[in-house]
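K.L.:
can't give you the sequence, but here's the structure:
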Ligand code: DC
């Protein structure tokens with residue numbers, strides 16, 4: 001059986017940074033499922049498709065081949081990492097990610113990846129829906145202020161002009177939307193290990209996850 005590690009948690013909890021390092025440690029493919037919802041949002045905006053036009057959304061998804069290489073998302077052979085992290089995509093993505101028909105399609109793609117490769121997958125519904133049977137499940141949290149600060153630094157490092165208060169507002173809004181939507185809301189799986197990363201270094205969190213996996217390797 002393939003090895004699967006699920007990492008869930010709210011925006012800015014450090015999921016992707018940590019998942020990438022753990023992936024290297026155990027030779028896993030890193031699948032960033034948020035990037036896949038962002039890719040759908042990017043294509044929808046490019047084609048002027050609003051979230052209520054479900055039929056058109058399903059049609060564009062049919063033509064989207066997504067795969068990951070070196071931790072980055074390729075859409076129909078093109079690396080779209082920089083485009084999907086722009087603030088306008090962050091603003092729109094929860095509206096598209098809350099649509100059941102979109103989720104069914106992306107969850108199928110994600111499960112197919114997990115059958116082909118040993119994976120570490122991060123998102124909101126990995127432990128509860130996508131990889132319910134994953135041997136290892138982690139749920140990362142941090143205060144909204146700490147998460148806003150991390151996102152602020154990340155965007156500043158990319159020379160993108162940003163405002164801290166706006167990012168904090170956006171994170172609080174997105175937390176609410178992600179955890180209150182009807183379909184597959186963000187929530188901790190019963191069997192997930194919760195790690196509050198507030199005040200912890202990246203290495204501190206990586207260490208906790210790696211030592212847990214090593215000590216339970218024969219689950
Ligand atoms: O992790 P992120 O911020 O890049 O995720 C972008 C959006 O996609 C976020 O609003 C939540 C949503 N998402 C989701 O609904 N399910 C997932 N498995 C991953 C992300």
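P.N.:
Everything's here; your move. Fair warning: this is a prediction, and the values are worked out from it, not measured in the lab.
K.L.:
helices of this structure, start to end?
P.N.:
15-26, 33-46, 54-62, 81-84, 87-97, 100-116, 144-157, 164-180, 202-215 (DSSP state H).
K.L.:
buried sites along the fifth one?
P.N.:
Same thing as helix 87-97. 89-90, 92-94, 96-97 (16 or more other C-beta atoms under 10 Å). C-beta here means a position set from N, CA and C on the backbone, and glycine is covered the same way.
K.L.:
so which residues on the protein come close to the ligand?
P.N.:
11, 33-34, 37-38, 93-94, 97, 123-125, 174, 178 (C-beta under 6 Å from any ligand atom).
K.L.:
returning to that earlier point: would you mind finding the most buried of the helices of the chain?
P.N.:
Highest mean neighbour count among the helices of the chain (mean count of other C-beta atoms under 10 Å): helix 33-46, with a mean of 22.
K.L.:
circling back to that earlier point, would you format the helices of the chain as a markdown table with mean pLDDT included?
P.N.:
Formatted as a markdown table, the helices of the chain follow (pLDDT from 0 to 100):
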| stretch | mean pLDDT |
| --- | --- |
| helix 15-26 | 96 |
| helix 33-46 | 98 |
| helix 54-62 | 97 |
| helix 81-84 | 95 |
| helix 87-97 | 92 |
| helix 100-116 | 97 |
| helix 144-157 | 92 |
| helix 164-180 | 92 |
| helix 202-215 | 95 |
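K.L.:
those helices: which one's closest to residue 1?
P.N.:
Nearest of the helices of the chain to residue 1, taken as C-beta to C-beta: helix 100-116 at 9.8 Å.
K.L.:
pull the distance from the closest one to the chain's centre.
P.N.:
13 Å (C-alpha atoms, centre = their mean, to the nearest Å).
K.L.:
residues touching residue 194, list them.
P.N.:
138-141, 188 (C-beta atoms under 8 Å, 6 or more residues apart in numbering).
K.L.:
closest to the ligand among those residues?
P.N.:
residue 140 (11.2 Å; C-beta to the nearest ligand atom).
K.L.:
who wins for most neighbours among the contacts of residue 194?
P.N.:
Neighbour counts for the contacts of residue 194 peak at residue 138, which has 29 neighbours (criterion: other C-beta atoms under 10 Å).
K.L.:
would you confirm that that residue contacts residue 188?
P.N.:
No. Taking contacts as C-beta atoms under 8 Å, residue 138 lies outside contact range of residue 188: 9.6 Å.
K.L.:
let's have the helices of the chain in a markdown table, adding distance to residue 2.
P.N.:
Below are the helices of the chain laid out as a markdown table (distance: least, C-beta to C-beta, whole Å):
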| stretch | distance to residue 2 |
| --- | --- |
| helix 15-26 | 12 |
| helix 33-46 | 17 |
| helix 54-62 | 24 |
| helix 81-84 | 25 |
| helix 87-97 | 25 |
| helix 100-116 | 6 |
| helix 144-157 | 31 |
| helix 164-180 | 27 |
| helix 202-215 | 15 |
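K.L.:
what residues are shared contacts of residue 138 and residue 188?
P.N.:
Joint contacts of residue 138 and residue 188 (C-beta under 8 Å, 6+ apart) are 8, 127, 194.
K.L.:
count the residues that sit near the second one.
P.N.:
Look at residue 127: counted by other C-beta under 10 Å, it has 29 neighbours.
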